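> kindly return the folded structure for what I paste below:
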Amino acid sequence: QVQLVESGGGLVQAGGSLRLSCVASGRTFSSKTIAWFRRAPGKEREFVAAISWSGDNTYYADSVKGRFTVSRDNAKNTVWLQMNSLKAEDTAVYYCAAGWSISTSLYDYNSWGQGTQVTVSS
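Here you go, the predicted model:
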């Protein structure tokens with residue numbers, strides 16, 4: 001089992017940037033796909049981005065494509081989500097999750113972090 005801890009959230013103005021980190025513990029991290037999900041107030045958790053275990057493959061939700069970039073360093077047990085050109089609608093709690101392959105379904109991920117709040121002011 002992989003334990004995940006997110007950090008890097010905060011308050012930022014529209015158009016600004018934030019970089020979220022997801023630090024993992026557990027020996028299987030380097031073999032796991034890591035995804036980012038978010039949950040906005042009053043909405044269900046939605047897929048944001050994912051990166052394969054090797055980092056060779058990434059996938060993004062249409063709503064963040066071209067603005068967000070996911071990357072990882074297995075030697076540091078860390079995955080990052082670089083978020084640029086932030087919009088008010090990006091306001092949400094962001095979660096990282098571990099699974100075996102890239103999927104947009106939250107049910108395909110079995111380890112979750114506690115989440116970090118991102119608030120974008122307009």
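> Ala98: what secondary structure?
strand (DSSP: H, G, I helix; E, B strand; the rest coil).
> tell me how far it lies from Ala88.
29 Å (CB to CB, to the nearest Å). Quick note: C-beta positions are derived from backbone N, CA and C, even for glycine.
> if I pick the one residue sitting closest to the centre of the chain, what's in contact with it?
Geometric centre of the chain, nearest residue: Trp36, 2.5 Å, by CA atoms, centre = their mean. The contact partners of Trp36, taken as CB atoms under 8 Å, 6 or more residues apart in numbering, are Leu20, Cys22, Phe47, Val48, Ala49, Ala50, Val70, Leu81, Tyr94, Tyr95, Cys96, Ala97.
> and with 6 Å instead?
Taking CB atoms under 6 Å, 6 or more residues apart in numbering, we find Trp36 in contact with Val48, Ala49, Leu81, Cys96.
> ok, Gly99 next?
Thr33, Asp108, Tyr109.
> just the ones of the residues you listed in strands?
Thr33, Tyr109 (DSSP state E).
> format the contacts of Gly99 as TSV; extra columns: pLDDT and distance to Ala14.
TSV is the format used below for the contacts of Gly99 (pLDDT from 0 to 100; distance: CB to CB, whole Å):
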residue	pLDDT	distance to Ala14
Thr33	97	31
Asp108	97	32
Tyr109	97	29
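> closest one to Leu4 out of the contacts of Gly99, please.
Tyr109 (9.9 Å; CB to CB).
> could you list the low-pLDDT ranges of this structure?
Within the chain, not a single segment meets pLDDT under 70.
> now do the strands in this structure.
Counting by DSSP E, the strands of the chain are 3-7, 10-13, 18-25, 33-39, 46-51, 58-60, 68-73, 78-83, 92-99, 109-112, 116-121.
> about what we covered before: closest one of the contacts of Trp36 to Gly26?
Nearest to Gly26 among these: Cys96, at 13.2 Å, using CB to CB.
> need the contact list for the closest residue to the closest one other than its chain neighbours.
Among residues not flanking Cys96 along the chain, Cys22 sits closest, at 3.5 Å (CB to CB, 6 or more residues apart in numbering). Contacts here follow CB under 6 Å, 6+ apart; on that basis Cys22 touches Leu4, Glu6, Val79, Cys96.
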